[in-house]
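Peer 1: any chance you can model this:
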Amino acid sequence: MLARQQAVENLQADRNMPVYLLTELVHQLPEGVYIVSLKQEGQNVALQGVAQSNERVSELLRNLGNNSPWFTRPELIEIVAGTVNLTPRDVRRVANFQIRVKLVRPNEAQTSPAQQSSAPASAAVVR
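Peer 2: Numbers count the residues shown, from 1 in each chain. Got it, this is the predicted structure:
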């Protein structure tokens, strides 16, 4: 009976996860970074996007790891130099990237924000 109750509570908590995900992503996305694809499987989120530079991608990783109670353990999967044609004469260099990050359940994020914000810092020390 207790397992059934826990399952129902998890389903209710997960129901609003996409809302938290998109809202927090908007707050953490630096200027000059654009998300092209977003895929959520459970608590794992895969992001693909385009940034004006590698530094912008680095800033996004820092924001996701340190400034957000909703995200934890951001991981850069790939970053590739590319170009974007704005006009036939105006070609800009960009950084195409893939990032994986874990989404924290609302009850976990609200009950222990200090633990969540300190986790990426300790993970960075371990690496």
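Peer 1: for whichever strand or helix holds Arg62, packing partners?
Peer 2: Assigned by DSSP states H and E, Arg62 falls within helix 54-66. Where contact means 3 or more Cβ pairs under 8 Å, 6 or more residues apart in numbering; DSSP states H and E, helix 54-66 is packed against helix 17-28, strand 33-41, strand 71-85, strand 91-103, helix 113-126. In short, each C-beta sits where N, CA and C put it, glycine included.
Peer 1: in terms of mean pLDDT, which of the ones you listed ranks lowest?
Peer 2: Per-segment mean pLDDT for these reaches its minimum on helix 113-126, at a mean of 40.
Peer 1: mind listing what Phe97 touches?
Peer 2: For Phe97, the contact set (Cβ atoms under 8 Å, 6 or more residues apart in numbering) comprises 47-51, 57, 76-80.
Peer 1: name the nearest of these relative to Ser68.
Peer 2: Among these, Leu47 lies closest to Ser68 (Cβ to Cβ), at 13.2 Å.
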